[in-house]
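J.: Can you look at this prediction? I've put the sequence above it.
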Amino acid sequence: MPAAEFDAIVLGAGAAGLMCAAVAGARGRRVLLLDHADEVGKKILISGGGRCNFTNVNTAPDRFISANPHFAKSALARYTPADFIALVERHGIAYHEKTLGQLFCDGSAKQIVAMLLEEAAKAGADVRTGQPVSEVTHADGTFIVRFGDQDFTAPALVIATGGPSIPKMGATGFAYDLARQFGLKVVEPRPALVPLTLGGGDVLFRELSGIAAPVEARAGKASFREAALFTHRGLSGPAILQVSSYWRHGEPVTIDLLPDAPQGWLIEAKRSRPRATLRGALGALLPDRLAETLAERLALPGELGALTDRKLADAEARLAGWIFRPNGTEGFAKAEVTVGGISTASLSSQTMMAKTVPNLYAVGEAVDVTGWLGGYNFQWAWASGHAAGQVI
Ligand SMILES: Cc1cc2nc3c(=O)[nH]c(=O)nc-3n(C[C@H](O)[C@H](O)[C@H](O)COP(=O)(O)OP(=O)(O)OC[C@H]3O[C@@H](n4cnc5c(N)ncnc54)[C@H](O)[C@@H]3O)c2cc1C
């Protein structure tokens, strides 16, 4: 059977691929969108607890991690949260801001997938799912993709197969295999927005599983003020997920357990309530079991009035910079995204086209651009998919 011809083939019908196919199709291109999964946009469907945190109104380049922090600027500036919100509104999808600029559907993430599929269909894109992509070759300016037992050809190919986080949702490292096949560099992929695991002297904290507290967590130069959650394996919650994207094996994660307490609060507590214990003073500010564990660790028994200011100042400093030494992460099985990926040095920031392979593009999570928690990763998927969709 002769190969079916298209103007562009987009591999991966997730957030970035659907956007890219819809934009290119609307420009009159004959686009084929292929996915090995049985349905499109599976990660969109499970995102945001089923309500899809589809963008963040505070989107700015400094909310993205990449070996080249400037790379994302161009695409993000040319397709903004306002552009996506306008699309959502045109489709009559109700939404709300939850916290920190995060926009969620009032109803269901299914509405976002239906919207993208409708846009792709309106633009005439041919969407096919449920077959493996077994081979991609390139000869005489034409890409040939083997999908199931059929070959498809096009002069342009877009890699939109995402990153390897949550393999049980159909995620693979295929984007990196393809990139390497075409001589593009790959920045070492690591799980990100992922819970951290505790061992050694920190295992005691695993007994606090289920307890959450507002903290300021730091890893390297990054710090986030949000909730942390103790789990049976270690640490999670938004503050921890955020710092996990910056954390490297062997490094500490420092947590201010009382970010709202004014400096000198413990000495002040000694003055105002000299008969209170450290356990009691902490219990007034923190969940009870956490207060108990911290007081045990600080090992300052007796009444505050009997403790020196020096000892109390030291305890306060430890509480403001409690050092955890995670022994790992919960890995790609639990990671919301991947840091690293196809090197931005190999791509044009305007079009997402590979510098060394004309008409080969990479978009979305496959690329070494990773957003913070809170709708930023979808905004990157929309923006990068849009950038390539405008030129293929
Ligand atoms: C549990 C969870 C919740 C999340 N919640 C949010 C959120 O609320 N807000 C937010 O901004 N981000 C969220 N994210 C991150 C977000 O889902 C991703 O950043 C985004 O989906 C990336 O878009 P993408 O199109 O690059 O990749 P994907 O959406 O992952 O799409 C890739 C597509 O490629 C297909 N594919 C993979 N390998 C192959 C192959 N070998 N052959 C053919 N097809 C292939 C996959 O089936 C998939 O359809 C969440 C992630 C997870 C895991």
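T.: Happy to help now that I have it. Just so it is clear, the structure is predicted and the values come from calculations on it, not from any experiment.
J.: Just want the most central residue of this protein.
T.: With distances taken as C-alpha atoms, centre = their mean, the chain has V337 as the residue nearest its mean C-alpha position (4.1 Å).
J.: Cross-check the contact I'm expecting between that residue and W372.
T.: No - V337 is beyond contact range of W372, at 9.7 Å (criterion: C-beta atoms under 8 Å). In this view, the C-beta of every residue, glycine as well, is placed from N, C-alpha and C.
J.: joint contacts of the two?
T.: S245 (C-beta atoms under 8 Å, 6 or more residues apart in numbering).
J.: quick revisit: so the residue nearest to the centre of the chain bridges to which residues?
T.: With DSSP bridges as the criterion, V337 is bridged to A192.
J.: backbone phi and psi for the closest residue to T137 other than its chain neighbours, please?
T.: The spatial neighbour of T137 that comes closest, neighbours along the chain excluded (C-beta to C-beta, 6 or more residues apart in numbering), is I144 at 4.8 Å. Taking degrees, to the nearest 10, you get phi -120, psi 120 for the backbone angles of I144.
J.: I144 bridge partners, please.
T.: The partner residues for I144, given DSSP bridges, come to T137, T153.
J.: Can you tell me how far it is from the ligand?
T.: Remark: distance between I144 and the ligand (C-beta to the nearest ligand atom, to the nearest Å) = 15 Å.
J.: okay, the closest residue to the ligand within the stretch 151-300 of the chain: pLDDT?
T.: Residue nearest to the ligand within the stretch 151-300 of the chain: G162 (2.8 Å; C-beta to the nearest ligand atom). What the model reports as pLDDT for G162 is 98.
J.: Could you find the closest non-adjacent residue to it?
T.: Of all residues not flanking G162 in the chain, E365 sits nearest, at 4.5 Å (C-beta to C-beta, 6+ apart).
J.: was I right about that neighbour contacting G12?
T.: No - judged on C-beta under 8 Å, E365 makes no contact with G12 at a distance of 9.4 Å.
J.: now G28, what's its secondary structure?
T.: Using DSSP: H, G, I helix; E, B strand; the rest coil, the structure places G28 in coil.
J.: Make sure A192 is actually in contact with V243.
T.: No - between A192 and V243 there is no contact under C-beta under 8 Å: 10.1 Å.
J.: what about the closest residue to V194 other than its chain neighbours, neighbour count?
T.: With sequence-adjacent residues excluded and distances taken as C-beta to C-beta, 6+ apart, V194 is closest to A335, at 3.9 Å. A335: 25 surrounding residues under other C-beta atoms under 10 Å.
J.: need the contact list for A335.
T.: Going by C-beta under 8 Å, 6+ apart, A335 touches 165-166, 191-194, 329.
J.: if we go to 7 Å?
T.: By C-beta atoms under 7 Å, 6 or more residues apart in numbering, the residues touching A335 are 165, 191-194.
J.: Same check on A219?
T.: 243, 246-247, 251, 253.
J.: quick one: A4 from the ligand, how far?
T.: A4 sits 17 Å away from the ligand, going by C-beta to the nearest ligand atom.
J.: Show me the beta-bridge partners of that residue.
T.: Counting by DSSP bridges, A4 forms beta bridges with F152.
J.: returning to what we had before: so which of the contacts of A219 are also by the ligand?
T.: Applying C-beta under 6 Å from any ligand atom, the subset of the contacts of A219 adjacent to the ligand is empty.
J.: Run a quick neighbour tally on the closest residue to the ligand within the stretch 201-350 of the chain.
T.: Residue nearest to the ligand within the stretch 201-350 of the chain (C-beta to the nearest ligand atom): E336, separated by 4.0 Å. For E336, the neighbour count with other C-beta under 10 Å is 22.
J.: Name all residues that make contact with W322.
T.: Here W322 is in contact with 254-255, 257 (C-beta under 7 Å, 6+ apart).
J.: measure the closest residue to D106 other than its chain neighbours to L266 for me?
T.: Leaving aside its sequence neighbours, D106 sits nearest to A94 (C-beta to C-beta, 6+ apart; 4.0 Å). From A94 across to L266, the span is 47 Å (C-beta to C-beta, to the nearest Å).
J.: before we move on, the earlier item: top of the contacts of W322 by number of neighbours, please.
T.: Each of these was scored by neighbours using other C-beta under 10 Å; the highest score is I255's, at 25 neighbours.
J.: give me phi/psi at the residue in the stretch 1-150 of the chain that the ligand sits nearest to?
T.: Residue of the stretch 1-150 of the chain nearest the ligand, by C-beta to the nearest ligand atom: G14 (1.8 Å). The phi/psi pair for G14 (degrees, to the nearest 10) reads phi -100, psi -150.
J.: Would you mind measuring from it to F143?
T.: As judged by C-beta to C-beta, G14 and F143 stand 19 Å apart.
J.: Would you convert the contacts of W322 into CSV that also reports pLDDT, secondary structure and distance to the ligand?
T.: Output for the contacts of W322, formatted as CSV (pLDDT from 0 to 100; DSSP: H, G, I helix; E, B strand; the rest coil; distance: C-beta to the nearest ligand atom, whole Å):
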residue, pLDDT, secondary structure, distance to the ligand
T254, 98, strand, 26
I255, 98, strand, 24
L257, 98, coil, 27
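J.: Nice, that's everything, thank you.
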